[in-house]
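K.L.:
Using only what follows, build the 3D model:
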Amino acid sequence: MVVLPERKISSILFKGLPFGLSLLGSLLLLGSYFFWKDGIMPVVPGIFSESVTVPINYYSIGAEVFSLEMDNFLIFQNFQSLAPSLFPQLSLLYAILIWGLLILGLTLISTFKRMYFIVAAGLCIFLFTFSGVNGLHIGGLYSNTSLLILLGGTLLPVILLSFFAPSWGLLARLGIMTLFSFMTLGILILLSEIEQPALWLAENCTFPSALLSMLFFMHIGHAVISSLTVFLIRLNKGTGIKIVWHLVVIFLLYFLLLIFTLLSIMGEINLPFPTLPPLTLFLAAGFLGYGVMKLKAEQTNQVYDIPLVGRSFYWIGFAIAVWTWAKADFTGNQPLFEFFNHTFIYGQLALSLLFFIYLMANFSQIINSGKELEKFLFKPQFFAYFHMRIGAIMALVILVIFGDAVVSMQIPAFSNQITADYYFQTQKPLEAAILYENSWLEYRKNPKAKSAAAHLRFQLGNNNEAMEHLYQNFDYVPSVQNILLLSDRLHRQNKIFEALFYLEKGLEIFPNDDRLRNNLAMLYSKLNRSQEAMDLLQDMDREKDIAKANLLGLMVKHRFGQQEGLEDRKDLPYRINYLAHANRQGNFAPFVLDSRALPANFHLQTALLRNQWSNQVSYDLEEDLAQLDSLIGLEQMSFEERNYRETRILRTLQENFLNETLKYLNGMVQSFPSSAGYYHALAAKILAGHWDLEKAAVDILMAEEKGFENFQPLHLAILYFGERPVDALRIHTLKGTEFPRWMEWNQSGRLVENEQVAFWTAVGRLHRMVPEELLLPLDRIDSELLRAEWALGLLRYKLHVILPSDFLQLKNMVMEELPGSWTAAQLDNWYAFVHGETESLLPEIKDLLRPDLGLSRNAYWSPLVMREVVGKSEILEKYEILQEAIQFNKDPILWSQYVKYSRQLGLDNYASEAIANMRNWLTPLQIEKLQMEN
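P.N.:
The predicted structure is shown next:
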C-alpha cells in the first residue's frame, strides 16, 4: 500500500480539488448557458382534447342508410408556462461546495503574516455579515447571535491556529477547520426555529460568494492582455521582431470586443454582428490568468511564504466565481447574472486599458528587443504596477457611472430574489411573491421574478395583481414564458381576441419561437381561421412531433377530407389523431395502440381507448370491461367518469352485447340527467338499427322530453312507423324537421303508399309478427332490392321459424339481388346452425357472430337466442335466457316459450302476466295457437 506524503496530499486538496471544481463548474456554466437557457421557467406542451363524431356502425332500413355515431377525441397540444422549477437539493449541493472552498480558504488564511492576516480576517467578517445568517433568528428577530456563533466557529479557530500553532502543517489546520466549521453549521441548524434552516443558509451563501466572485473578476482584469503579452514576448525571444504593433492590434481588437459586449448587454444599440457572451471571456481570462498569477507571485512580494497558498487561492476564487455564475444562470437569477456580466466587463475594460498603458509606459523601448522581459514584467520603477491598479479603480468608477450605476440596482435585486427563492421552496407564497415583486422593481430585466410573482399571485387567488404583473412584463421586458401565460389566462377568461393580440405581438417580438406560433395556431383554429392555423404549424422548424399531431388534428376537426399518404409517426398524440381520421373515413389504421399501457394523462387515456376501440380491438372483452370498471371507480370529475362510461358502451356495442348496452344506457340516463337526451337518442338509433321501431320511437320521445333538439328526417320516420304518427307530425310542425322525401301526403292528408312506405310498415311490425305473417310483405313490395333486404332481415331475425321451403325462397332472393354479400354455403350453414342440424359455423360466419361470447347477448338475434335455449338442459337456465330476451324483443315465439318454462317452474303468475302483455300485439287466436304449438 502506497502512502502519499503530506505535501502531495496538501497539493491535491488545496490545488487539485479547487482546480477540478473550477473545470467542472466551467462545463456546467457553459452547459447551463447554451443548453439550459430559460429551463428554470419551464414551458411544457399542455394537452387538451376536442370531440369529433365518427360512425361506429351503419344500419339500413329500406333506402334509408344511417350511421350510429359516437365521439372520438382529437388531441391538441398548446404550450403552457409553468411556475419556476424548484431545485432545493442543487442549492444544498452548491452550498456544500462553497462551504468546502471557504474552509480551504480559511485554512490558508491561518498561514498569513500578521498584518495580512488581520486584513483577511476583517474581509471574512465583512463577508459573513452579508451571509444572511441572522435570518435563522436564533435568540430573536433582531439578534446577532447567529452571526456571533458563525464567527466564533470559523474565525476563532483561524485565530488560534495563526497565533498558537504557526508550525502546524496544512492538513492538520484543515482538519481543525473542517471539524469546527461543520460543527458550527450543525449548531446553527439545530438552534434555528425557521423552516428548513439548511436551505436558508444554502440560498443566502450566494451573496458573499458573489462578492468574492467580483474580487476575482478584478484579479483577472488584465489576464487576457497580459497573458498574450507574455506569449508574444516569449515567442519573440532572440528574434527581435517589432511585436509592439502586434500588441497594439491585439489590444484594440480585444478592447473593442469588450466595448461592443458592454453595449450589447446594456441594450443601448442593436449591433449588426454578434458578440461573445461575457461568461466565455471570463472562462478564457480565468484559465489564462493562472499563468499571469504565477509570474506576479515570482516577481512581487506576497502575503504568504508557501507558493501553494497563492495557487490554491486562485483556483478557490475561480471555482467560487464559476459555480456562483452557473447557479445564477441555472436558477434564473437574472440580476445576479447581469451583475456578473457588468462587473466582469468593467474589470476587463479598466484593467486591460491600464495594463496596456502600464506596458507601453514602462517597456515600449525594450519590448521589441527579444529579451526575457516577462521575468520583470510586474516590477518596473517608473510606472509601478501598484499605481496601475489605482488607475484601474478610477476607471472602474467611471465605467460604473457610464453604466448608469446599474450594479447598484442589481445588488438589491439579486439579494431579494435569493430570499424569495427560499420562501418559494418552503411553500410560503405570499412572502415569496412580495420579494419577487421587489426584485423586479429594483431591476426589470428579470423574467423569472415576474413570472414567479404572477404564478404565486394566481395561487393566492389575487388574479388582478397577477394579470397586472403579466401586463407590466409585456410592456417593459417581454418574455416568451410570460406571453404564453398571459394569453392562456386571457383565454380562460374568454377574452379570446385579447389573447390573440398578445400572441401575435409576441410572435413579432420573437419571430422564430415555435411555442408562440403553435399556440397562435390553436387560437386561429378556435376562431375558424383554419387555413392560417395550418400555415403556422407547417412553418414550425422545431417541435415537429407537436406540429404534426396538431396539424393532423386540425385537418380532421375542420373536415379537410381524406388525407392521402399520411405518415405513421410514433408520437402518441399523432397516432390518436390518426385513429380519429381513420375512423371518420371508415378505414382501419395501420397500427394498434396498446389499450393496456395507458398514459397517465386523462385526455390521452380516454382518447386512446375511445379512438382505438372505434377502430379495432386487440384484447378480450372481459379484461377490457374490468379495466374500464376500475377507471370508472376512481374518484374523479363527473365528466371524466361519463367519458369512461361512454367508452364502455362503445366496447360492449362492438361485440353486440346489445342487452347490456341498452341497460347501461338506461343507467347513464339516471346518472347524468343533463345528457339524458343524447343517451335516449343513441338508444333509439341502436334499436332502429335492429328494426325495433316501436321501442326506438319511445326513446326518441324520451330524448325530446330531456331536451334533445337535433331531430332529423330519420327520427320522424321512426316515430311514424313506430306507431307514434301524431308525435311525428307534431315535431315536424314545431321543430321544422322535414320527413324523408319518400314520405309524401296527398290532398286529404293521407300518406301516399309506395314501396318504401310498405317496407317501413312491415319493419315496424317485424319482431311482433307470428310465422304466418313473415312472408306477406313480399306481396306488397315490388322492388326486388327491397324484397331481398326483407328476406335478409328475416334470415337475421326470424330464421328460427322459417320453414325449409320458405328458406329456399328467401335464399334465392338474397343471392340474386345482393350478390357477393352471402354465398349459398354460408346461408345453408347459418340455417343448419340455427335449427340444430350442425354445431359448427363457417369461419367467416363465426368471426362475424362470435358465438363464444354468448348466443343470447343480443335479444334481437331471436334465432340465436332460441338456439341457446334449446342447447340448455336445465329449465331454469332456459327461463333466465328468455326472461332477459323478452325485456327487449316482442318475438311471439320467445314469449310463448317464456310462458311455457314459467309454468314448468311453477311461476304461473309470471306466465299469466306475459300472456296479458302479449294481448297488446297479438290476437287471442294467435296466442292460443302459439301456446298449442309450444
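
K.L.:
Going along the chain, name the helices of the stretch 1-150 of the chain.
P.N.:
6-11, 17-31, 88-109, 114-129, 145-164 (DSSP state H, counting those that start in this stretch).

K.L.:
Which of the ones you listed sits closest to Leu500?
P.N.:
helix 17-31 (36.8 Å; CB to CB). In short, each C-beta sits where N, CA and C put it, glycine included.

K.L.:
That closest one packs against which elements?
P.N.:
If contacts are counted by 3 or more CB pairs under 8 Å, 6 or more residues apart in numbering; DSSP states H and E, helix 17-31 sits against helix 88-109, helix 278-299, helix 307-330.

K.L.:
what's the weakest-modelled helix or strand in this structure?
P.N.:
Ranking every helix and strand in the chain by mean pLDDT, DSSP states H and E puts helix 385-402 at the bottom, with a mean of 61.

K.L.:
which is the next helix or strand following that one?
P.N.:
Per DSSP states H and E, the first helix or strand lying C-terminal to helix 385-402 is helix 406-425.

K.L.:
just to revisit the earlier point, which of the helices and strands packed on helix 17-31 is buried the deepest?
P.N.:
Greatest average neighbour count among these goes to helix 307-330 (a mean of 24), per mean count of other CB atoms under 10 Å.

K.L.:
May I have that helix as CSV, with CA atoms only?
P.N.:
Only the C-alpha atoms of helix 307-330 are listed here, as CSV (Å, rounded to 0.1, in the frame of the first residue of the first chain):
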residue,chain,number,x,y,z
PRO,A,307,3.8,29.1,-3.1
LEU,A,308,0.9,26.6,-2.9
VAL,A,309,-1.1,29.2,-1.0
GLY,A,310,-1.3,31.6,-3.9
ARG,A,311,-2.1,29.0,-6.4
SER,A,312,-4.8,27.5,-4.2
PHE,A,313,-6.3,30.8,-3.6
TYR,A,314,-6.5,31.4,-7.3
TRP,A,315,-8.4,28.2,-8.0
ILE,A,316,-10.6,28.7,-5.0
GLY,A,317,-11.6,32.1,-6.3
PHE,A,318,-12.1,30.8,-9.8
ALA,A,319,-14.2,27.8,-8.5
ILE,A,320,-16.4,30.1,-6.4
ALA,A,321,-16.9,32.5,-9.2
VAL,A,322,-17.7,29.9,-11.9
TRP,A,323,-20.1,27.9,-9.6
THR,A,324,-21.9,31.1,-8.5
TRP,A,325,-22.2,32.3,-12.1
ALA,A,326,-23.5,28.9,-13.1
LYS,A,327,-26.0,29.0,-10.2
ALA,A,328,-27.2,32.4,-11.2
ASP,A,329,-27.8,31.3,-14.7
PHE,A,330,-29.3,27.9,-13.8
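
K.L.:
buried set for whatever helix or strand comes next after that helix?
P.N.:
The element immediately downstream of helix 307-330 (helix or strand, assigned by DSSP H and E) is helix 334-363. Within helix 334-363, the residues scored as buried using 16 or more other CB atoms under 10 Å are 334-356, 358-360, 362-363.

K.L.:
Could you do stretch 761-775 as well?
P.N.:
For stretch 761-775, by 16+ other CB under 10 Å, it's 761-771, 774-775.

K.L.:
Of those, which is the nearest to Leu188?
P.N.:
Closest to Leu188, out of all of the buried residues of stretch 761-775 and judged by CB to CB, is His767, at 86.0 Å.

K.L.:
excluding its backbone neighbours, what's nearest that closest one?
P.N.:
Lys890 (5.1 Å; CB to CB, 6 or more residues apart in numbering).

K.L.:
Which pLDDT value belongs to that neighbour?
P.N.:
With respect to pLDDT, Lys890 has a value of 94.

K.L.:
Mind telling me what element it is part of?
P.N.:
For Lys890, there is no enclosing helix or strand under DSSP H and E.
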